[in-house]
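A.B. asks: turn this into a model:
(chains A, B, C and D)
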There are 2 protein chains.
Amino acid sequence: MPVDLTPSQALGLWHAVTLQQVQGDGRDLTLRQLAILLEIYLVPPPHTVRGLAAKLGVTKPVITRALDTMGELGLVTRVRDERDRRNVIIKRTVDGALYLERLGDLIIAKGRAQPL
Amino acid sequence: MPVDLTPSQALGLWHAVTLQQVQGDGRDLTLRQLAILLEIYLVPPPHTVRGLAAKLGVTKPVITRALDTMGELGLVTRVRDERDRRNVIIKRTVDGALYLERLGDLIIAKGRAQPL
DNA sequence: CGCGAACGATACGGTAGCGTAACGAAATCG
DNA sequence: CGATTTCGTTACGCTACCGTATCGTTCGCG
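C.D. replies: Residues are numbered from 1 along each chain as shown, chains lettered A, B, ... in the order given. So this is what the prediction gives:
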């Protein structure tokens, strides 16, 4: 079941959500960081630095740095892969799930408020 | 007519759109910049630095800097208010309208692709 | 083994945004 | 008028992210 939007609804929804995000508190993620976070939580594991970099079309340091930042925020964790110790497996956290749950709620709430 | 979304659809939509934005080209706006741009194009004029700062809950330099950046990208223009020359009126541009039109199209396309 | 490839992290210089504070120009008010 | 307020901008020091290049570790393969 697709989500059918008019142009006005689509931009209005984006407007409402970004506005709320900005007004909330400064703790905002970069577009890239958010994309990484969503990828980790919405796509089945396992997730690796290399895999994320390929999926997003960015370089590996971008992923490493984003994981550093989001790790400090508790949104994500890294675990060494014991089967191939060169790899690092990116794990989800409770706080990360909560963060995205709140984002989802925000989107839904603003979607409900869309006119037309 | 509201936009009714399930949590899965809401986050899936965000995922698809941010992913595309990141993959596209580096020309990505900050969350704040995007919020400002949407505010300018979706809310009836006139728009001033002070008004935008109040609406978004940020300081004036944030608006000035964002307008500098987006001005260089051609997404927005500034014109001195002749009735009160202290004010600056922020004007829309063709390129800015085009930019948001493409964003709207992207959202709609990804919305249509949402499962459930 | 030893050598090259793969993986993630780090170093480095550069750029852009931030918050606070101060500034110049213009309007308002006594 | 002159003093004060309002508006947008600029200055300053700081932090965070970027891209490129390189590093250390670990695996795979001859």
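A.B. asks: contact residues of chain A facing DNA strand C?
C.D. replies: Taking Cβ under 7 Å from any atom of the strand as the criterion, the neighbours of DNA strand C within chain A are A:26, A:48-51, A:60-61, A:63-65, A:67-68, A:78, A:86-88. (Glycine included, C-beta is placed from N, CA and C.)
A.B. asks: most widely separated two among those residues?
C.D. replies: When these are compared pair by pair using Cβ to Cβ, the farthest-apart members prove to be A:26 and A:86, with a separation of 36.5 Å.
A.B. asks: that older thread, show the buried residues in the residues of chain A next to DNA strand C.
C.D. replies: The neighbour count (16 or more other Cβ atoms under 10 Å in any protein chain shown) marks A:48, A:49, A:63, A:67, A:88 as buried among the residues of chain A next to DNA strand C.
A.B. asks: which of these fall in strands?
C.D. replies: Secondary structure assignment by DSSP state E places residue A:88 of these in strands.
A.B. asks: tell me which residue of chain A lies closest to DNA strand D.
C.D. replies: residue A:85 (3.3 Å; Cβ to the nearest atom of the strand).
A.B. asks: helix, strand or coil for residue A:83?
C.D. replies: Here residue A:83 takes the coil state, with states given by DSSP: H, G, I helix; E, B strand; the rest coil.
A.B. asks: ok, now residue A:90?
C.D. replies: The local conformation at residue A:90, judged by three-state DSSP, is strand.
A.B. asks: pLDDT score assigned to the nearest residue to residue A:49 once chain neighbours are set aside?
C.D. replies: In space, not counting the residues next to it along the chain, residue A:49 is nearest to residue A:63; the distance is 4.7 Å by Cβ to Cβ, 6 or more residues apart in numbering or on different chains. Per-residue confidence at residue A:63 stands at 97 (pLDDT).
A.B. asks: distance of residue A:63 relative to chain B?
C.D. replies: 11 Å (Cβ to the nearest Cβ, to the nearest Å).
A.B. asks: so that residue touches residue A:35, yeah?
C.D. replies: No: using Cβ atoms under 8 Å, residue A:63 and residue A:35 do not qualify as a contacting pair, with a distance of 10.6 Å.
A.B. asks: which residue ranges form the helices in chain A?
C.D. replies: Counting by DSSP state H, residue ranges of the helices within chain A are A:7-24, A:31-42, A:49-56, A:60-72, A:94-112.
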